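Asks: Below is the sequence, then the predicted model.
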Amino acid sequence: MDKGEEGDSVLNEARRALGLVGRDVKFSIDRDTGDLIVQIKDPESGQVERQIPQDQILRMHEQIQKIAGLLFHQAA
């Protein structure tokens, strides 16, 4: 089994374990924060049913990083 097949197998097992059979699961990395994002979508409508972490948390994390950068820049 190659890595792609192994990854599909692991994802399918996770879907079964989490009760996500019949849902699209998308993994991505937020460009601004570097955080892992998991989206669970309805396959028919394409609507995002759930996102982990939620978008508001990602934006808050991004703002905290900007503030921290300003603080460190002023301290230097």
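Replies: Cool, the structure landed.
Asks: okay, CA-based contacts and neighbour counts for the rest of this
Replies: OK.
Asks: Okay, buried residues for the strand or helix carrying residue 38 please.
Replies: Following DSSP states H and E, one finds residue 38 within strand 36-41. Neighbour-count burial for strand 36-41 flags 37, 38, 39, 40, 41 (criterion: 16 or more other Cα atoms under 10 Å).
Asks: and if you look at stretch 47-64?
Replies: Buried residues in stretch 47-64 (16+ other Cα under 10 Å): 58, 62.
Asks: from the chain's centre, how far out does that stretch sit?
Replies: 9 Å (Cα atoms, centre = their mean, to the nearest Å).
Asks: Restricting to C-alpha, output that stretch in PDB.
Replies: Taking Å, rounded to 0.1, in the frame of the first residue of the first chain, the C-alpha atoms of stretch 47-64 are listed here in PDB:
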ATOM      1  CA  GLN A  47     -22.200  23.900   2.600                       C
ATOM      2  CA  VAL A  48     -19.700  23.800   5.500                       C
ATOM      3  CA  GLU A  49     -21.500  22.200   8.400                       C
ATOM      4  CA  ARG A  50     -18.600  22.600  10.800                       C
ATOM      5  CA  GLN A  51     -15.100  24.000  10.800                       C
ATOM      6  CA  ILE A  52     -12.500  23.300  13.500                       C
ATOM      7  CA  PRO A  53     -11.200  25.700  14.700                       C
ATOM      8  CA  GLN A  54     -13.900  28.100  14.000                       C
ATOM      9  CA  ASP A  55     -13.200  31.100  11.700                       C
ATOM     10  CA  GLN A  56     -13.500  33.600  14.500                       C
ATOM     11  CA  ILE A  57     -10.800  31.800  16.500                       C
ATOM     12  CA  LEU A  58      -8.500  31.800  13.500                       C
ATOM     13  CA  ARG A  59      -9.000  35.600  13.000                       C
ATOM     14  CA  MET A  60      -8.400  36.200  16.700                       C
ATOM     15  CA  HIS A  61      -5.200  34.100  16.600                       C
ATOM     16  CA  GLU A  62      -4.000  36.100  13.600                       C
ATOM     17  CA  GLN A  63      -4.700  39.400  15.500                       C
ATOM     18  CA  ILE A  64      -2.800  38.200  18.600                       C
END
